[in-house]
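Peer 1: Can you look at this prediction? I've put the sequence above it.
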Amino acid sequence: MNKQIKELIVISGKGGTGKTTLVSSLAALAEDFVLADCDVDAPDLHLILDPENYQSEPFYTQVAVKDEEKCSGCGQCLDHCRFGAIDKDYSIDPLACEGCGVCEFVCPEGAIRMEEEVSGHSYLSKTRYGSMAHAELGPGGEASGQLVTRVKENARDLSAEENKELILVDGSPGIGCPVIASLSNADLALIVTEPTQSGIHDLERIAGVAQHFGVRPLVCINKSDLSELNAEEIENFASRKGIQMVGRIPYDREIVEAMVNGKSIVEYTRGETVDAIKGVWEKVRANLWNVED
Ligand code: SF4
Ligand code: SF4
């Protein structure tokens with residue numbers, strides 16, 4: 001009988017907060033899971049996990065292309081594009097185009113058509129912790145929200161095939177399209193933040209996004225000893241918003257040493273930081289399997 005699969009996404013308001021470090025450590029601690037690296041713009045989980053790809057597929061996205069000869073300059077496409085991909089002269093910026101097809105639909109002259117282009121690749125791999133779904137955008141590749149969705153679909157298929165009980169997702173940073181795609185269908189969002197004023201600001205925004213999309217957030221503070229004042233401000237914010245704190249992880253130079261050696265900190269050493277991460281995992285695990293369905 002297939003187990004009920006839970007999905008934990010680890011996110012942060014911006015890159016560089018230690019999100020991937022934490023995901024690799026959780027991978028060393030958790031059992032019975034598959035991994036999904038949804039940070040498709042800058043995937044770096046593979047630096048620690050050294051995956052062996054066994055499947056690679058091109059990822060196609062739609063992009064709008066205009067036939068100048070047919071365009072009458074009516075402006076309908078500009079009025080209807082929600083992604084700012086059409087300029088005032090009604091030319092289409094392929095890098096900004098999200099491929100929604102609205103301009104093709106509204107164009108009265110039939111001047112716009114949708115074309116497919118390869119914008120990246122999705123992969124299935126084996127790591128020392130188990131299977132992983134991940135992807136990479138090609139140079140200038142856009143529509144990373146769609147690629148994130150592909151990674152998540154692949155991870156769900158893998159977890160069903162292998163009868164795993166958990167999908168551990170390294171989410172996209174920030175609050176844009178990719179992170180919203182990462183959050184879809186997640187059971188819990190573990191937010192990693194740092195005790196700085198910008199970290200607090202980013203936390204407020206990303207917690208709001210998670211709650212808006214119906215995913216319950218938990219918060220842990222990385223490099224927690226950088227500022228006791230700011231760490232307390234984060235805890236006060238969480239308390240006001242009814243968000244559970246699941247731990248403080250102190251700054252530790254060995255985290256970088258571990259990464260350089262291709263290991264998570266949990267595999268590399270012992271001590272206060274590793275104990276803190278183990279504490280975070282215990283709390284997250286308790287929350288995951290108490291999530292109301
Ligand atoms: S396909 Fe959508 S995003 Fe792309 S230019 Fe047309 S309306 Fe804008
Ligand atoms: S909607 Fe069609 S005809 Fe009108 S400006 Fe855009 S491309 Fe040209």
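Peer 2: Looks like it arrived, so ask away. Ligands and ions are numbered 1, 2, ... in the order given.

Peer 1: And the helices in the stretch 101-250 of the chain, which stretches?
Peer 2: Assigned by DSSP state H, counting those that start in this stretch, the stretch 101-250 of the chain shows helices spanning 102-106, 144-161, 177-183, 197-212, 228-241.

Peer 1: what stretches of the stretch 101-250 of the chain score poorly on pLDDT?
Peer 2: Along the stretch 101-250 of the chain, segments meeting pLDDT under 70 span 140-143.

Peer 1: give me the residue from it nearest ligand 1.
Peer 2: With CB to the nearest ligand atom as the measure, Cys103 is the residue of the stretch 101-250 of the chain nearest to ligand 1, at 3.2 Å. (Glycine included, C-beta is placed from N, CA and C.)

Peer 1: was I right about that residue contacting Gly75?
Peer 2: No. Applying CB atoms under 8 Å as the test, Cys103 and Gly75 come out as separate, 10.9 Å apart.

Peer 1: For the two, indicate the residue with more neighbours.
Peer 2: Neighbour tally, Cys103 and Gly75, criterion other CB atoms under 10 Å: the higher count belongs to Cys103, 25 against 11.

Peer 1: Chain neighbours aside, what residue packs nearest to that one?
Peer 2: Residue nearest to Cys103 in three dimensions, not counting chain neighbours: Cys77, with 3.8 Å by CB to CB, 6 or more residues apart in numbering.

Peer 1: List the contacts of that neighbour.
Peer 2: 66, 86, 90, 92, 103, 106-107, 112 (CB atoms under 8 Å, 6 or more residues apart in numbering).

Peer 1: Can you select the buried ones from those residues in ChimeraX?
Peer 2: Command for ChimeraX, covering only those of the contacts of Cys77 found buried under the criterion 16 or more other CB atoms under 10 Å:
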select :66,86,90,92,103,107,112
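
Peer 1: Show me the contacts of Cys77 that map onto strands.
Peer 2: 66, 112 (DSSP state E).

Peer 1: Tabulate the contacts of Cys77 (JSON lines), appending distance to Arg253.
Peer 2: Converted to JSON lines, these look like this (distance: CB to CB, whole Å):
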{"residue": "Lys66", "distance to Arg253": "54"}
{"residue": "Ile86", "distance to Arg253": "49"}
{"residue": "Tyr90", "distance to Arg253": "55"}
{"residue": "Ile92", "distance to Arg253": "49"}
{"residue": "Cys103", "distance to Arg253": "52"}
{"residue": "Val106", "distance to Arg253": "56"}
{"residue": "Cys107", "distance to Arg253": "58"}
{"residue": "Ile112", "distance to Arg253": "54"}
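
Peer 1: And the residue nearest to Cys103, how close does it get to Lys70?
Peer 2: Distance from Cys77 to Lys70, counting by CB to CB, to the nearest Å: 12 Å.

Peer 1: can you check Val102 too?
Peer 2: 17 Å.

Peer 1: Show me which of these two is the more surrounded one.
Peer 2: Val102 (18 against 12).

Peer 1: How about the contacts made by the closest residue to Pro58 other than its chain neighbours?
Peer 2: Once flanking residues are discounted, Pro58 sits nearest to Val118: 4.7 Å by CB to CB, 6+ apart. By CB under 8 Å, 6+ apart, the contact set of Val118 is 58-60, 138.

Peer 1: quick one: which of those is nearest to Glu162?
Peer 2: Nearest to Glu162 among these is Phe59, at 22.7 Å by CB to CB.

Peer 1: What distance do you get for that closest one to ligand 1?
Peer 2: Distance, Phe59 to ligand 1, by CB to the nearest ligand atom, to the nearest Å: 17 Å.

Peer 1: Restrict the strand or helix carrying that residue to CA atoms and write it as PDB.
Peer 2: Element membership of Phe59, judged by DSSP states H and E, is strand 52-66. Presented in PDB, the C-alpha positions along strand 52-66 are these (Å, rounded to 0.1, in the frame of the first residue of the first chain):
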ATOM      1  CA  GLU A  52      24.600  10.900 -10.700                       C
ATOM      2  CA  ASN A  53      22.100  11.800 -13.400                       C
ATOM      3  CA  TYR A  54      20.300   8.800 -14.900                       C
ATOM      4  CA  GLN A  55      17.700  10.800 -16.900                       C
ATOM      5  CA  SER A  56      17.900  14.100 -18.600                       C
ATOM      6  CA  GLU A  57      15.000  15.800 -20.500                       C
ATOM      7  CA  PRO A  58      14.900  19.100 -22.400                       C
ATOM      8  CA  PHE A  59      12.400  21.500 -21.000                       C
ATOM      9  CA  TYR A  60      10.300  23.300 -23.500                       C
ATOM     10  CA  THR A  61       8.500  26.600 -22.900                       C
ATOM     11  CA  GLN A  62       6.200  28.600 -25.000                       C
ATOM     12  CA  VAL A  63       7.200  32.000 -26.200                       C
ATOM     13  CA  ALA A  64       5.100  34.600 -28.200                       C
ATOM     14  CA  VAL A  65       6.400  35.600 -31.600                       C
ATOM     15  CA  LYS A  66       5.000  38.400 -33.700                       C
END
